[in-house]
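Undergrad: just to be clear, the model below is a prediction. Sequence and coordinates:
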Amino acid sequence: MNLIIKGNQKLLGLFFSGMVFISSSCSEDDQVPMESDDKNIVELAQSDNRFSTLVDAGQRAELIDALSADGAITVFAPTDQAFIDAGITDVDGVAVDDLKNVLMYHVVATEIPSSAVSSGKVTSFEGAPFYISIDPDGKVWINGHAEVTETDLEASNGIIHVINQVIMKPTMSIAEIATGYTQEASPEFTQLVGALTRANLVDAVNGGIADDLTVFAPTDAAFQQLYDDLNVDGFEEIPLETLENVLMYHVVPARAFSQDLRDGAELPTLLSNNTLTVDLGELNIEEAGLNTDLINIHATNGVIHVIDKVMLP
């Protein structure tokens with residue numbers, strides 16, 4: 001099915017293991033044939049009026065020489081509209097170091113044509129990884145938000161793939177993001193954070209960038225419904241072992257964006273011998289509905305998808 005959600009993402013597909021960016025995946029229909037061009041990456045971008053902001057940003061960040069040098073690199077190039085959507089309308093208003101880090105996060109040190117793109121983790125020039133997902137239609141997504149809209153603009157020193165959003169590197173862990181939501185005017189995860197704290201599981205979702213987790217995060221309303229069903233006043237009245245098992249049942253030991261989900265897939269969880277079933281027809285994980293406005297929340301150690309029900313193993 002095709003579901004348009006916030007950020008023009010599609011709730012599709014499941015891919016867990018991809019750690020390589022080298023095997024074929026883009027469909028032949030979506031590929032744009034490569035055309036030889038004697039322009040380098042910068043010159044090619046300068047000749048395309050979709051990339052005016054990108055070129056200006058490269059000049060301000062003093063990356064023009066690096067992107068013009070001989071070699072073979074890949075640039076995932078945001079359009080001018082992508083910069084506008086990210087709130088960047090004047091690159092002179094962005095600190096040089098910040099701008100440089102953002103731009104380098106869009107560059108890979110090898111030449112990767114669309115025929116060699118596959119799901120998984122990719123190390124950027126900036127040093128941090130970003131993550132590729134491919135939906136069943138063959139569309140390529142980065143970090144669950146940026147769609148590759150055109151491929152294989154060939155330059156003398158590499159390839160440009162066009163994307164419709166600026167890719168932002170995550171800066172907070174799953175636990176930090178969840179805690180931040182408890183401090184909003186309309187908090188969402190007060191009960192989840194409290195339950196994780198009581199079960200001594202905060203550290204489990206507060207790891208470094210080497211960790212890869214997917215958390216299906218119930219809202220406070222979802223926890224309240226659980227309390228009503230169990231006839232208890234809060235998570236403090238749920239036996240500790242039961243609470244631990246319930247929470248671990250919401251965590252998948254892999255980084256899965258919505259585009260990686262596949263209908264009918266059985267997802268492993270941190271609770272041994274217990275899996276979660278994906279139902280894209282109903283937009284459910286088990287019987288919990290996915291909040292399509294709050295999926296693909298990217299963290300340093302994984303992804304958060306918000307759900308409307310606490311799932312019981």
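TA: Okay, I see it.

Undergrad: not counting its neighbours along the chain, what's nearest residue 211?
TA: Using C-beta to C-beta, 6 or more residues apart in numbering and skipping the chain neighbours, the partner closest in space to residue 211 is residue 301 (3.8 Å). Bear in mind the C-beta positions are built from the backbone N, C-alpha and C, glycine included.

Undergrad: to what extent is the one you found buried, counted in neighbours?
TA: 22 (other C-beta atoms under 10 Å).

Undergrad: these two touch, right, it and residue 213?
TA: Yes. Assessed by C-beta atoms under 8 Å, residue 301 is found in contact with residue 213 at 5.9 Å.

Undergrad: what's the overlap in contacts for these two?
TA: Overlap of the contact sets of residue 301 and residue 213 (by C-beta atoms under 8 Å, 6 or more residues apart in numbering) consists of 174, 205, 207.

Undergrad: out of the residues you listed, which one has the lowest pLDDT?
TA: On pLDDT alone, residue 207 ranks lowest of those, at 77.

Undergrad: quick check: phi and psi at the closest residue to it other than its chain neighbours.
TA: Residue nearest to residue 207 in three dimensions, not counting chain neighbours: residue 301, with 4.5 Å by C-beta to C-beta, 6+ apart. Reported as degrees, to the nearest 10, the phi and psi values for residue 301 are phi -120, psi 20.

Undergrad: tell me the spacing between residue 214 and residue 298.
TA: 11 Å (C-beta to C-beta, to the nearest Å).

Undergrad: OK, contacts around the nearest residue to residue 221 once chain neighbours are set aside?
TA: The shortest distance from residue 221 to any non-neighbouring residue, by C-beta to C-beta, 6+ apart, is to residue 308 (7.2 Å). Going by C-beta under 8 Å, 6+ apart, residue 308 touches 218-219, 221-222, 288-289, 291.

Undergrad: so residue 277 touches residue 269, yeah?
TA: No. Using C-beta under 8 Å, residue 277 is not in contact with residue 269, being 11.2 Å away.

Undergrad: name the residue in the two with the higher neighbour count.
TA: residue 269 (21 against 13).

Undergrad: wait, that one sits on residue 249?
TA: Yes. Using C-beta under 8 Å, residue 269 is in contact with residue 249, at 5.2 Å.

Undergrad: pull up the overlap in contacts between those two.
TA: Common neighbours of residue 269 and residue 249 (C-beta under 8 Å, 6+ apart) are residue 276.

Undergrad: show me which positions of the helix ranked longest in the chain end up buried.
TA: In the chain, with assignment by DSSP state H, the single longest helix is helix 220-230. Neighbour-count burial for helix 220-230 flags 220, 222-223, 226-227 (criterion: 16 or more other C-beta atoms under 10 Å).

Undergrad: can I get those in CSV including distance to residue 77 and pLDDT?
TA: Shown next, in CSV, are the buried residues of helix 220-230 (distance: C-beta to C-beta, whole Å; pLDDT from 0 to 100):
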residue, distance to residue 77, pLDDT
220, 40, 96
222, 40, 97
223, 43, 98
226, 46, 98
227, 49, 98
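
Undergrad: include distance to residue 260 when you put these into JSON lines, please.
TA: Below are the buried residues of helix 220-230 laid out as JSON lines (distance: C-beta to C-beta, whole Å):
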{"residue": "220", "distance to residue 260": "27"}
{"residue": "222", "distance to residue 260": "23"}
{"residue": "223", "distance to residue 260": "27"}
{"residue": "226", "distance to residue 260": "27"}
{"residue": "227", "distance to residue 260": "32"}
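
Undergrad: tell me the one of those nearest residue 122?
TA: Ranked by distance to residue 122 (C-beta to C-beta), the buried residues of helix 220-230 are led by residue 222 at 34.1 Å.

Undergrad: what is the end-to-end distance of stretch 89-105?
TA: 19 Å (C-alpha to C-alpha, to the nearest Å).

Undergrad: quick one: residues in contact with it.
TA: Residues from elsewhere that reach stretch 89-105 (C-beta under 8 Å, 6+ apart): 53-54, 56-58, 60-63, 83, 88, 124-128, 130, 166-169.

Undergrad: how far does that stretch sit from its chain's centre?
TA: In this view, stretch 89-105 has its centroid 21 Å away from the chain centroid, taken as C-alpha atoms, centre = their mean, to the nearest Å.

Undergrad: for that stretch, buried residues please.
TA: With burial defined by 16+ other C-beta under 10 Å, the residues of stretch 89-105 counted as buried are 91, 94, 99-105.
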